[in-house]
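Colleague: Got a predicted structure here, sequence first:
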Amino acid sequence: MVGLSAIFSEVDKVKETLLDLCQKLPVDYAEVRIQEGTGTSIHYAGKELEDIGERTQRGGCVRVLKDGGWGFATFNDVEQIERYARQAVAQAKLVGGTKFELAQGKAFEQVYRTSVETDPASVSLEDKQQMCHRYNQMILRGNRIQTSRVIYRDSHSTTYFANSEGSYIEQEYVFCGAMVLAIAVEGTNIQRAYESNGDLRGFGKVTEMDEDCEKAVRRAVESLDARPVEAGTYTVIADSKLCGLFVHEAFGHLSESDFLYENPRLKEIMKIGRRFGKDFLNIVDDGSVAGEAGFIAFDSEGVPGGRTELIKDGVLARRLHNRETAAKMGEEPTGNARAISYRHPPIVRMTNTFMEPGETSFEEMLQETEDGIYALGMMGGQTNMEMFTFSAEEAYRIRGGKLAEKIRDVVLTGNVFQTLENIDRVGSDFKMHGGLGGCGKGGQSPLRVSDGGPHCRIRNVVIGGR
């Protein structure tokens, strides 16, 4: 693929061309993003290699604001960028609306390059396929395993951003991830278990997943013999993975202000200063955590990624914003305007979202729990406003302060705000989880994110079961 510098004659010409275009358009605000990159995809389903290939892409978009109306045009023919810019301007004029100002932005000129120990681009497609084949065979050899899934993806992407305020930013990211899934079957009893790794640290993250394959097989097979949980209300200890998923899915999305500011009821609930939990409860979104899947040097509007304390000492402290929602709600941008590609406009999205650790060890938490459930991971779920339903991937009964028998079909249901209030212990351990999947919102999926936290204990959780 011919680089942008060849299309625009030389490297400096890229910057000059994009900045000049943004500044000469007859609008209140203009920005352009051009993205180019390469990637690899490998997918095993059972014994079959369903997909393998390498791909390249290049395209761009122009977004403009004129008298309260947004115009957005995407393209693959970069040489025709001015024609598409005029289309975006025409759209904005047709849309119109209530005129507003974007939150004040600072102009940046910066180049960011990912640094990895082993770039997946330096590894042959054959070597990647052989690695995935080995993982797949390990899973299929498992006793009572019926089928498997092994999925590998990597990407090397560079984005060029400029706006009418004088920002010019180049960002390069190298993502690499893999997921292994074991499916165990006995009659009509079907159980699944998976492991997933993925972040911006390079190819080494996925080369040592043999133990992950063994763990997935073991958990899936053990779940065949586990008895279903009895429905009821329990004290639940959640592991770091389930804690992170709860923070992201149940609370994090409610903090995204493009959804929040248009919903009067939720806006009242998510009022800054409202208490949501004990003093030791702290929830953070932080796009500046280097190496994690959700790391961003700058968001898709040219705002630096950074740390946003959503809940501080049990109290709602901030919300996630792009420049539009920040202006409309009288708050500061948080660097959370993200688009999965040049085909989409940026919307408010999370980055690395987590619960901060507390002071109670897992052993202490367990010993203090006379009767309850230890729930690990999540195999699926859904949220509806402040209500959530999550299925734990793995679970054990707690009896007399100790882990007892393994159980299955553990479905946690509740109101996110009540659940936050019911967190009475936060662990001193902490772990972040990236992975091959990602976050979905507004037709944009998968967006690379990470989530995590410590073990935490929650009182009065409704558990569905038999």
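Modeller: On my side now, so go ahead.

Colleague: for Gly400, phi and psi?
Modeller: Reported as degrees, to the nearest 10, the phi and psi values for Gly400 are phi 60, psi 30.

Colleague: quick one: average confidence on the helix or strand that contains Gly59?
Modeller: Assigned by DSSP states H and E, Gly59 belongs to strand 48-66. Averaged across strand 48-66, the pLDDT comes to 97.

Colleague: go on, stretch 139-158?
Modeller: The model assigns stretch 139-158 a mean pLDDT of 96.

Colleague: same check, this time on stretch 304-320
Modeller: Averaging pLDDT along stretch 304-320 gives 98.

Colleague: I'd like to know how far Met179 sits from Arg307.
Modeller: 28 Å (Cβ to Cβ, to the nearest Å). Every C-beta, even on glycine, is put in place using the N, C-alpha and C of the backbone.

Colleague: Among these two, which residue is more densely surrounded?
Modeller: Neighbours were tallied for Met179 and for Arg307 using other Cβ atoms under 10 Å; the higher tally belongs to Met179 (23 against 15).

Colleague: follow-up on the earlier one: which is the next helix or strand following the strand holding Gly59?
Modeller: Assignment by DSSP H and E places the next element after strand 48-66 at strand 69-75.

Colleague: May I see the buried residues of the helix or strand just after that following strand?
Modeller: Where DSSP H and E defines the elements, the next helix or strand beyond strand 69-75 is helix 81-95. Going by neighbour count (16 or more other Cβ atoms under 10 Å), the buried part of helix 81-95 is 81, 84-89, 91-92.

Colleague: which helices and strands does helix 81-95 pack with?
Modeller: helix 11-24, strand 29-45, strand 48-66, strand 69-75 (3 or more Cβ pairs under 8 Å, 6 or more residues apart in numbering; DSSP states H and E).

Colleague: So which residues make contact with the shortest one?
Modeller: If I follow you right, that is strand 69-75. 27, 59-65, 81, 84-85, 87-97, 342-343, 345 (Cβ atoms under 8 Å, 6 or more residues apart in numbering).

Colleague: Need the pLDDT of Asn282.
Modeller: At Asn282, pLDDT is 98.

Colleague: who touches the nearest residue to Asn422 once chain neighbours are set aside in this structure?
Modeller: Spatially, and ignoring its direct neighbours in sequence, Asn422 is nearest to Arg459 (4.5 Å; Cβ to Cβ, 6 or more residues apart in numbering). For Arg459, the contact set (Cβ under 8 Å, 6+ apart) comprises 235, 422, 424.

Colleague: isn't there a strand covering Arg459?
Modeller: Yes. Counting by DSSP: H, G, I helix; E, B strand; the rest coil, Arg459 is part of a strand.

Colleague: how much space is there between it and Leu420?
Modeller: 12 Å.

Colleague: What of Ser391?
Modeller: 20 Å.

Colleague: The two: which has the busier surroundings?
Modeller: More crowded of Ser391 and Leu420, by other Cβ under 10 Å: Leu420, with 24 against 18.

Colleague: That one touches Leu281, doesn't it?
Modeller: Yes. When contacts are counted by Cβ atoms under 8 Å, Leu420 is listed as touching Leu281 (6.7 Å).

Colleague: Please enumerate the shared neighbours of those two.
Modeller: Ile311.

Colleague: Look at Pro26 and say how many residues are nearby.
Modeller: 11.

Colleague: and it, what are its phi and psi?
Modeller: Dihedral angles (degrees, to the nearest 10) for Pro26: phi -80, psi 70.

Colleague: again, but for Asp212
Modeller: Per degrees, to the nearest 10, the backbone of Asp212 is at phi -60, psi -40.

Colleague: That one reaches Asn197, doesn't it?
Modeller: Yes. With contacts counted by Cβ under 8 Å, Asp212 reaches Asn197, the gap being 7.2 Å.

Colleague: if we can go back for a sec, what pairs with the strand holding Gly59, parallel or antiparallel?
Modeller: strand 29-45 (antiparallel), strand 69-75 (antiparallel) (DSSP bridges).

Colleague: So which bits of it are buried?
Modeller: Of the residues in strand 48-66, those buried (16+ other Cβ under 10 Å) are 52, 57-66.

Colleague: do the same with stretch 400-408
Modeller: So stretch 400-408, judged by 16+ other Cβ under 10 Å, has buried residues 406-408.

Colleague: between the helices and strands packed on helix 81-95, which gets nearest to Gln137?
Modeller: The stretch from the helices and strands packed on helix 81-95 with the least distance to Gln137 (Cβ to Cβ) is strand 29-45; that distance is 9.5 Å.

Colleague: Give me the buried positions along the closest one.
Modeller: So strand 29-45, judged by 16+ other Cβ under 10 Å, has buried residues 29-40, 42-44.

Colleague: for stretch 419-430, same thing?
Modeller: 419-427, 429-430.

Colleague: and of those residues, the nearest to His156?
Modeller: Phe430 (30.0 Å).

Colleague: residues in contact with that closest one?
Modeller: Here Phe430 is in contact with 240, 354, 356-357, 452-454 (Cβ under 8 Å, 6+ apart).

Colleague: repeat for Ile42
Modeller: 49, 51-52, 128-129, 132, 150-153.

Colleague: Buried only: go through these for me.
Modeller: Here, 16+ other Cβ under 10 Å leaves 52, 128-129, 132, 150-153 buried among the contacts of Ile42.

Colleague: can I get those residues in JSON lines with secondary structure and distance to Cys439?
Modeller: Converted to JSON lines, the buried ones among the contacts of Ile42 look like this (DSSP: H, G, I helix; E, B strand; the rest coil; distance: Cβ to Cβ, whole Å):
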{"residue": "Ile52", "secondary structure": "strand", "distance to Cys439": "26"}
{"residue": "Lys128", "secondary structure": "helix", "distance to Cys439": "25"}
{"residue": "Gln129", "secondary structure": "helix", "distance to Cys439": "28"}
{"residue": "Cys132", "secondary structure": "helix", "distance to Cys439": "24"}
{"residue": "Val150", "secondary structure": "strand", "distance to Cys439": "22"}
{"residue": "Ile151", "secondary structure": "strand", "distance to Cys439": "17"}
{"residue": "Tyr152", "secondary structure": "strand", "distance to Cys439": "20"}
{"residue": "Arg153", "secondary structure": "strand", "distance to Cys439": "15"}
